[in-house]
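**Student:** Predicted model and sequence below, questions to follow.
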Amino acid sequence: MSNALAPTPQNPVPVTLVPERFANPLRQIQGVMAQPAVRRAGPMALMVGLIGAAGLAWSALSTPPQKTLFSGLPDSDKAAVTTALSAANIPSHIDDSAGTLTVNEEDFSKARLLLAGQGLPKAAPGGYAILDELPMGVSRAVEGERLRQARETELARSIQEIDAVAEARVHLATPEASVFVRDNAAPSASVVLKLQGGRSLADAQVQSIVNLVASSVPGLKPDAVTVVDQMGGLLTKHGDGADSANDKRIEFQRRVEDKYRQQLLQLLTPLVGAGNFTAEVQADVNLDETSATRESYDKEGRLRAETGNWTGNLATGQTPAGIPGALSNTPPPASQLSTPQPATGNPGTPQPTAGGPAPDAAKQTDAFQRAYDLNKEVSVTRAAPGNIKRLSVAVLLRDPEKGKRTAMEIQQINDLVKSAVGFDQARNDNVTVISRKFADTATDAAAGPKWYDNALVPMIARNLTAVVIALLVLLLGVRPIAKALMKKREDAAAPAGKNAALADGTAPDGTASAGGANTGAGGADGADGERIAVQAPVSLDQIETSQSYEERIDAVRGFTRDNPARAALAVRDMLVADAKS
C-alpha cells in the first residue's frame, strides 16, 4: 500500500518557487514566520526571551551601584589592593578598558579606610623622589619642571596633614630669572583644597597655608598665594582693600554679640533649662577711630630773653682811679644825703617807684627788647573703636507644658537680662522678653534618623524591584504563553481522537459511540445534541459472541484497554504457539 497522496483539490501538487535575488526583506521575513515550524517554536522562543529578560533585570537591579575607588593604578598596586579587599570580604571589580578599580557604593568608605590603614596603594613615587628617576642627559628645562613638580607634590602632602583637608593640589608659577631687573617677574602660587565633609577652615588656618606656601618658594610673597576650595570659593582674604576693613569690622561686631549671647546663655540655662529659650543680640558698635588735638595758652607770660642799651651823663661823675687790677684798702667815702630831684618829664627817663630802688641819675635813656613765653598746653585724644552706641536684645522663652508664665516671672527675667547686658537708657537700649509655645523640633530630633535613611533601604528596594519585575514577566508573559501552548495541544489532540472514534465507532475516550453495538446508559449534551455513552467492561464472552468482524475488533480493543495485563499474556501465548507450530 503506497503512502503517496494523489493530487487532489485539498492537496495540490506543490510548486517549487525560486526566490528572487532582490526580494522584499519584509516579505521574506513574513514568509519565514509563516512556516509551521517557526510558528510552533515562536511562543517557546518568546517565553525563553522573557525569562532571559527577567534574569537580566534581576542581575542589573540586584547588583549595587559601583563607585570608582582608584584609577590608573599599576599592576603591583592592583594586586595588593584586590588582595586586601578580598581579605576583608569587600567585592571589587577591575575594568581593564578604563583602568579603574570599583567597589560597591556602600563599601566605598570602608574600603578607603582599610587601604589607608595598610598604606595602600603604593603609587608611583612623588615629591622629591621624582628627582631620583631623572635619566642622564636631560635638558635644563625638563630638570626645572621636575623640580617644580616635586616641590608642588611636597607642599600638597604638607597641606594634607591638616585634619579638615582631604586632598590638596598646589600649582607654582615661577618665572625664569632675568639679568635685567625690569624683566624680573614675581612668582605666584595657587592652592586647591578638597575639604572633608561638613568641615571648614578658619581664617587662621587659611593664613597658615598661605604662609607655608610663601615660605617654601624663594621670592614668593603671601599676597601672591590664592587658596580655593572644591566648591570654587575663595578662601584667601588679602588685607589691602576696603573689603578687608569691612570684614574686620563685621568680625569685631560678631565677637561683641557672641560675648553678650554667651552671657545670656550662662544666665538663663540654670533658670529655665537648656533648650527652653533662645536669645539674639544686635549690637550697634561704633567702629570709627577719632583723633583730636588741642592747644591752650595762659594770659600771663614768662620772660625768655631781653636785649637793649641805655645812655647817661658822665660830666658830674668821678672818673675811676686806682691801680688797675689791685684792690683798694681804703674805706668807702662817707655817705651824703642828697635832695631828690623832681621828675623832668624827659622821655626815656625812668620814673621812681614807691618802695623801689632810686633811679640812676646818670642814666638818661634806655632801649630794651624783651621776649616772653606764653604758657602752652597741647592735648591729643584718640578714641579707640568698640564703643557700643545701641544694644538690642530679644529673648524668647518656652512656655511650660501646663499653664503659662506669669507677668511677674517674665518681668524678673527681663530685669536679669538688662543687668547681664549692661542696659543703658541713655543710649536707647532695648530689651524684649516674651514667652511662647515652641514647635516640636526637640521631639523630632530625639526620635533619631528616619527609617528611610538607613543604608539597607536602597539595597532592599533594588532587590524587591527585581523580584517584582521577574514576577510580572512570569505572570503576564510566560504564564499566558504556556497556557496558550497547552490549549493548542489539547485542541490538536481533541480532533484527532474524535476522528478516530468516528472511524472505529468509539468515543475519543475509548467508549462506544451512540451508533455502536455495545451502548450503555449515557447522557445527552444539550448544546449540540451529541450523545456520549459510557461502555461497560468487555469480557471474553462478549468477544466470543460477537457476530461480525468489526464488532469482534471493537470488543478486542475494549478488552485490551480494560485488561492490559491479560492482553499482554494472550499476545505472548499466541507468539509462543506460532513459534511451536
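**Tutor:** That came through, no problem. Note that this is a predicted model, so its numbers are computed, not measured.
**Student:** what about V538, neighbour count?
**Tutor:** V538 has 21 neighbouring residues, counting by other Cβ atoms under 10 Å. For every residue, glycine as well, the C-beta is placed using N, CA and C.
**Student:** Check which helix or strand the residue lying closest to it once chain neighbours are set aside maps to.
**Tutor:** Using Cβ to Cβ, 6 or more residues apart in numbering and skipping the chain neighbours, the partner closest in space to V538 is G558 (3.7 Å). Using DSSP states H and E, the element containing G558 is helix 549-562.
**Student:** Which elements pack onto that helix?
**Tutor:** Packing partners of helix 549-562 (3 or more Cβ pairs under 8 Å, 6 or more residues apart in numbering; DSSP states H and E): helix 479-504, helix 540-544, helix 564-580.
**Student:** Going by mean pLDDT, which of these comes out lowest?
**Tutor:** Lowest mean pLDDT within those: helix 479-504, at a mean of 66.
**Student:** Which neighbours in the sheet does the helix or strand in which V395 is found have, and how are they oriented?
**Tutor:** Applying DSSP H and E as the criterion places V395 in strand 387-398. Strand 387-398 has the following strand partners under DSSP bridges: strand 277-286 (antiparallel), strand 430-436 (parallel).
**Student:** Now distance to V478 and mean pLDDT too, for the ones you listed, in CSV please.
**Tutor:** Shown next, in CSV, are the strands paired with strand 387-398 (distance: least, Cβ to Cβ, whole Å; pLDDT from 0 to 100):
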stretch, distance to V478, mean pLDDT
strand 277-286, 63, 89
strand 430-436, 64, 92
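**Student:** Out of those, which is the most enclosed?
**Tutor:** Ranked by mean neighbour count, the strands paired with strand 387-398 are led by strand 277-286 with a mean of 17 (mean count of other Cβ atoms under 10 Å).
**Student:** Give me the contacts around it.
**Tutor:** Residues outside strand 277-286 that contact it (Cβ atoms under 8 Å, 6 or more residues apart in numbering): 252-253, 256-257, 260-261, 264-265, 268, 385-398, 417, 421.
**Student:** Can you dump the C-alpha atoms of it in PDB for me?
**Tutor:** What follows is strand 277-286 as a C-alpha-only set of coordinates in PDB (Å, rounded to 0.1, in the frame of the first residue of the first chain):
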ATOM      1  CA  PHE A 277      14.900  79.600  75.500                       C
ATOM      2  CA  THR A 278      16.600  81.400  72.600                       C
ATOM      3  CA  ALA A 279      18.400  84.800  72.600                       C
ATOM      4  CA  GLU A 280      19.500  87.100  69.900                       C
ATOM      5  CA  VAL A 281      21.700  90.200  70.300                       C
ATOM      6  CA  GLN A 282      22.100  93.100  67.900                       C
ATOM      7  CA  ALA A 283      24.900  95.500  68.900                       C
ATOM      8  CA  ASP A 284      25.400  98.800  67.100                       C
ATOM      9  CA  VAL A 285      29.100  99.300  67.700                       C
ATOM     10  CA  ASN A 286      31.000 102.500  66.900                       C
END
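**Student:** who are the neighbours in contact with the residue lying closest to Q118 once chain neighbours are set aside?
**Tutor:** Take Q118 and drop its neighbours on the chain: the residue closest to it by Cβ to Cβ, 6+ apart is A84, 5.8 Å away. Going by Cβ under 8 Å, 6+ apart, A84 touches L114, L115, Q118, L120.
**Student:** Quick one, which of these are buried?
**Tutor:** L114, L115, L120 (16 or more other Cβ atoms under 10 Å).
**Student:** Among those residues, which lie within helices?
**Tutor:** Within the buried ones among the contacts of A84, residues falling in helices by DSSP state H are L114, L115.
**Student:** about what we covered before: doesn't the residue nearest to Q118 lie inside a strand?
**Tutor:** No: using DSSP: H, G, I helix; E, B strand; the rest coil, the secondary structure at A84 is helix, not a strand.
**Student:** Next one: it from K78, what distance?
**Tutor:** 11 Å (Cβ to Cβ, to the nearest Å).
**Student:** Could you list the low-pLDDT ranges of the stretch 1-150 of the chain?
**Tutor:** 1-24, 60-62, 98, 122-135 (pLDDT under 70).
**Student:** For it, just list every one of the helices.
**Tutor:** Secondary structure of the stretch 1-150 of the chain (DSSP state H, counting those that start in this stretch): helices located at 25-33, 36-62, 75-87, 108-117, 140-159.
**Student:** what's the angle from the longest one to helix 25-33?
**Tutor:** It refers to helix 36-62. Interaxial angle, helix 36-62 versus helix 25-33 (axes from the mean of the first three to the mean of the last three Cα atoms, to 10 degrees): 100 degrees.
**Student:** again with the fourth one
**Tutor:** Direction vectors for helix 108-117 and helix 25-33, defined by the same axes, to 10 degrees, enclose an angle of 90 degrees.
**Student:** for helix 108-117, packing partners?
**Tutor:** Looks like helix 108-117 contacts strand 66-71, helix 75-87 (3+ Cβ pairs under 8 Å, 6+ apart).
**Student:** buried ones in that helix?
**Tutor:** Here helix 108-117 shows F108, A111, L114, L115 as buried, counting by 16+ other Cβ under 10 Å.
**Student:** Show me what that helix is in contact with.
**Tutor:** In contact with helix 108-117 (Cβ under 8 Å, 6+ apart) are residues K67, L69, V81, A84, L85, A88, I90, S92, V103, P121.
**Student:** Could you work out the most separated pair of the contacts of A84?
**Tutor:** L114 and L120 (8.5 Å; Cβ to Cβ).
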